[in-house]
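Peer 1: what follows is a protein structure lacking sequence information:
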């Protein structure tokens, strides 16, 4: 039995910070104590993020996956905290804020259900420019046969045109860089 006081001291670090690996697990208590729904989406819904957390907890309890070591979890927490400080305004309100797609992909990576673009080539466009909970059911534990059909029905998110312009610009720059290197090798 762990007292609330003891638990709180290891999870809350002071002003606006928590010591939870991916906002779920304490490096001290590991998979024996998880905080499901302890995340604030920067956009989108809390439900898909909480579902991913619950799936992760279920995989841990079943022994299908394991957490990193305590030291590795603390290192990851510190790296994430540094990124958050550079990205978000320091506010009590943004303590638990995460970008849903990136967050779900991180947890999906932990449990083996991160969407694999190359296994689903017909869905690449939809997976890059839209989002749905179905995409984390394409492969891995508790995969669903109907997920690919549902992902195919997803509509691009607003402003995807701008994303496409950025993507094409990056591809063009990469191509120019390759041609430049090739030109330097020949001449």
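Peer 2: Good, I have the coordinates. A quick note: this is a predicted structure, and the numbers were derived from the prediction, not measured.

Peer 1: not counting sequence-adjacent ones, nearest residue to the spatially most central residue of the chain?
Peer 2: With distances taken as C-alpha atoms, centre = their mean, the residue of the chain nearest its centroid is residue 103 (2.2 Å). Leaving aside its sequence neighbours, residue 103 sits nearest to residue 49 (C-beta to C-beta, 6 or more residues apart in numbering; 5.9 Å). Using the backbone N, CA and C atoms, a C-beta is placed for each residue, glycine as well.

Peer 1: does that neighbour belong to a helix or a strand, and which?
Peer 2: helix 46-62 (DSSP states H and E).

Peer 1: show me what that helix is packed against.
Peer 2: helix 100-111 (3 or more C-beta pairs under 8 Å, 6 or more residues apart in numbering; DSSP states H and E).

Peer 1: okay, buried residues for the helix it packs on please.
Peer 2: By neighbour count, with 16 or more other C-beta atoms under 10 Å as the criterion, the buried positions of helix 100-111 are 100-101, 103-108, 110-111.

Peer 1: ok, residue 118 to residue 138 distance?
Peer 2: According to C-beta to C-beta, to the nearest Å, residue 118 stands 12 Å off from residue 138.

Peer 1: okay, these two: which has more neighbours?
Peer 2: Neighbours per residue, other C-beta atoms under 10 Å: of residue 118 and residue 138, the larger number sits with residue 138, 23 against 6.

Peer 1: right, and the more buried one touches residue 148 too?
Peer 2: Yes - with contact defined as C-beta atoms under 8 Å, residue 138 reaches residue 148; the gap is 6.2 Å.

Peer 1: shared neighbours of these two, anything?
Peer 2: The contact sets of residue 138 and residue 148 overlap at 120, 123 (C-beta atoms under 8 Å, 6 or more residues apart in numbering).

Peer 1: all strands of the protein, in order?
Peer 2: Using DSSP state E, the strands of the chain run over residues 12-14, 17-18, 40-41, 97-98.

Peer 1: before we move on, back to that, the residue nearest to the centre of the chain and residue 50 touch, don't they?
Peer 2: No - Residue 103 is beyond contact range of residue 50, at 10.8 Å (criterion: C-beta under 8 Å).

Peer 1: between these two, what contacts are shared?
Peer 2: Listed as contacting both residue 103 and residue 50 by C-beta under 8 Å, 6+ apart are residue 39.

Peer 1: is it true that residue 129 touches residue 156?
Peer 2: Yes - using C-beta under 8 Å, residue 129 is in contact with residue 156, at 4.2 Å.

Peer 1: which elements pack onto the helix ranked longest in the chain?
Peer 2: Assignment by DSSP state H gives helix 160-186 as the longest helix of the chain. When contacts are defined as 3+ C-beta pairs under 8 Å, 6+ apart, helix 160-186 packs onto helix 124-129.

Peer 1: residues of the helix it packs on that come out buried?
Peer 2: Those would be 126-127, 129, for helix 124-129 by 16+ other C-beta under 10 Å.

Peer 1: closest to residue 18 among those?
Peer 2: Taking C-beta to C-beta as the measure, residue 18 lies nearest residue 127 of the buried residues of helix 124-129, at 30.5 Å.
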